[in-house]
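Asker: When you get a sec, could you give me coordinates for this:
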Amino acid sequence: PPLSCSPSLPRTSQMSLHTIKAIMILEKNGTRLVSKYYTSEGGLDARDAQLEFEKNIYVKTVGNLSSEVVLTGGYVVIFKPVGDLILYVVGHRDENELILLSCLIAFREVMDILLRGRVDKITMLENLDYVLLTLDELVDHGILLETDVDALVERVSLKSNMDNDIPLNEQTLNNALESAKDQFLKSIFS
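Answerer: You can find the predicted model right below:
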């Protein structure tokens, strides 16, 4: 006979693959650096509502940086301070915190590798393409796609280098050589 749910157990929430409601990167003063929303629940599709939501989360978490989990407004928020930034992953209040935490850890580790250990505001802004590509490879429409750090780094590196076939570890050297060549040419012609 087919298995069925016990009628005595109430079903409080529908299971869904759409586990991630938002991923945000805020500065230590609460200013938005990057945010990506995967839901319109609670009016979170409007920019003003998003900024208010971020402000409320920031206020709840700024004095509580020793903890990593906060419940607010029907959402569970996993967060981690990193340098001069705070990384946030938001899910529905009934969501498994371990799934949200695995998303946050994967994002943090990928950024650490791609940004060569310099996860701060300036480096993230200079490498915004890596940040956004990582978010796209990590989560799609609220569905957590991948948490394997090596696979994410490889995919993000490949996508950012589709026009040129330069491996990630050689990009810095090529950029330095190009800059030196430009400076040399400027000094000759000036």
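
Asker: quick one: residue 72 from residue 52, how far?
Answerer: Noted for residue 72: a distance of 12 Å to residue 52, by Cβ to Cβ, to the nearest Å. The way it works is simple: take the backbone N, C-alpha and C, and place the C-beta from them, glycine included.

Asker: Could you do residue 59 as well?
Answerer: 11 Å.

Asker: now residue 122
Answerer: Distance from residue 122 to residue 52, by Cβ to Cβ: 27 Å.

Asker: So these two - more neighbours on which side?
Answerer: Neighbours per residue, other Cβ atoms under 10 Å: of residue 122 and residue 52, the larger number sits with residue 52, 13 against 10.

Asker: and the more buried one, that one's in a helix?
Answerer: Yes - applying DSSP: H, G, I helix; E, B strand; the rest coil, one finds residue 52 inside a helix.

Asker: Return the residues in contact with it.
Answerer: If you count contacts by Cβ atoms under 8 Å, 6 or more residues apart in numbering, residue 52 has none.

Asker: And the helices in the chain?
Answerer: With helices called from DSSP state H, the chain shows them at 47-62, 97-114, 121-126, 128-138, 149-160, 168-189.

Asker: Lowest average confidence across those helices, which one?
Answerer: Ranked by mean pLDDT, the helices of the chain end with helix 168-189 at the bottom, a mean of 66.

Asker: Figure out which of the helices of the chain is closest to residue 81.
Answerer: helix 47-62 (8.8 Å; Cβ to Cβ).

Asker: Not counting residues beside it along the chain, what's closest to residue 44?
Answerer: residue 37 (5.4 Å; Cβ to Cβ, 6 or more residues apart in numbering).

Asker: how many other residues sit next to the one you found?
Answerer: Neighbour count of residue 37, defined by other Cβ under 10 Å: 20.

Asker: mind checking pLDDT for it?
Answerer: Looking at residue 37, its pLDDT reads 92.

Asker: just residue 90 next, same as before
Answerer: 94.

Asker: Could you do residue 95 as well?
Answerer: 86.

Asker: OK, contacts around it?
Answerer: By Cβ under 8 Å, 6+ apart, the residues touching residue 95 are 19, 76.

Asker: rewinding a little: figure out which of the helices of the chain is closest to residue 18.
Answerer: Residue 18 sits nearest to helix 97-114 of all the helices of the chain, at 11.4 Å, using Cβ to Cβ.
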